[in-house]
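1. Generate coordinates for the sequence data below:
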Amino acid sequence: MKSLFLLLLLFTIIHQGKLWAQPVECSSFCVENIWLDTVEPGILYVTIHFTGDSNAFINYPYVSEISDVNGENVATGTLNFFGQFANTSQDYQMTTWLDSLDEDFSAILLFFYDTVYCVLPYPCLTSSVTDSQDELQIAVYPNPVSSELIIETEKSFEDAVVHVFSLAGQLVIKLDQVHESSIRVDCSGLVPGMYYLRTIDANGNAIVKKITKIH
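-> You can find the predicted model right below:
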């Protein structure tokens, strides 16, 4: 009852205009953890940390779905919170059919708030939807791409994995055990629009890049 009262109070404050949502970029969110409920089967939790200005606030956040590295949907969620403040972590409950998670479990999450949605990777990267910087330095071109995308690095990839995800978190292209210093990705079959390219080397270094497919 106390929790419900606090949520209703927060809702009232927001809609009276005493608390205004600040412009927030998707890169402000980091998926810190994903774990299964040890008591109730079919329940999964996602911890999302929100960084930003101390006055920043997002309305009606929730994780809609989680897709694994194979593009399979493994969890779904609905709206549970009225909002989240910056510089806090919040656990989002979801429904899943998984009964265990691998230690190296990785996924793509579709996260909604206000009228915005974000594609968030797990494990968390420096920036979820903008070009991220890591030990793995790559060049991606041409971007926009019409048919073939080229990924280059100064050093040869060793057992690298290349994933291309749609905005909905669906895995549309997957290349495994890449060893060349230049990777060619056939994008001719993709529907025009925006996608997310994730490259992970054998040491776990990862980079996410936005790419745009054109006719």
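
2. CA atoms for contacts and neighbours, from now on please.
-> OK.

3. Within the sheet, what are the partner strands of the helix or strand where Ser64 lies, with directions?
-> Applying DSSP states H and E as the criterion places Ser64 in strand 62-68. Here strand 62-68 has these sheet partners by DSSP bridges: strand 73-76 (antiparallel), strand 107-113 (antiparallel).

4. how many neighbours does Asp37 have?
-> 12 (other C-alpha atoms under 10 Å).

5. and if you look at the one 4 residues further on?
-> Using other C-alpha under 10 Å, Pro41 has 13 neighbouring residues.

6. is it true that it touches Asp99?
-> Yes: with contact defined as C-alpha atoms under 8 Å, Pro41 counts as touching Asp99 (7.3 Å).

7. Reduced to three states, what does the most centrally placed residue in the chain come out as?
-> Centrality entry for the chain: nearest residue to the mean C-alpha point is Leu120, 1.0 Å, by C-alpha atoms, centre = their mean. For Leu120, the assignment made with DSSP: H, G, I helix; E, B strand; the rest coil gives strand.

8. Enumerate the positions of stretch 202-213 that are buried.
-> Using 16 or more other C-alpha atoms under 10 Å as the test for burial, stretch 202-213 gives 206-213.

9. Helix or strand with the lowest mean pLDDT in this protein?
-> Least confident element among the helices and strands of the chain, by mean pLDDT, DSSP states H and E: helix 2-15 (a mean of 45).

10. per-residue confidence averaged over the next helix or strand after that one?
-> Once helix 2-15 ends, the next helix or strand along the chain (criterion: DSSP H and E) is strand 29-36. For strand 29-36, the mean per-residue pLDDT is 93.

11. Partner strands of strand 29-36 and their direction?
-> Take DSSP bridges as the rule and strand 29-36 pairs in its sheet with strand 43-50 (antiparallel).

12. now the strand it pairs with: how far from the chain's centre is it?
-> Put simply, strand 43-50 sits 12 Å off its chain's centre (C-alpha atoms, centre = their mean, to the nearest Å).

13. ok, and for the next helix or strand after it, which residues are buried?
-> For strand 43-50, the following helix or strand on the C-terminal side (DSSP H and E) is strand 57-59. Buried residues in strand 57-59, counted by 16+ other C-alpha under 10 Å: 57-59.
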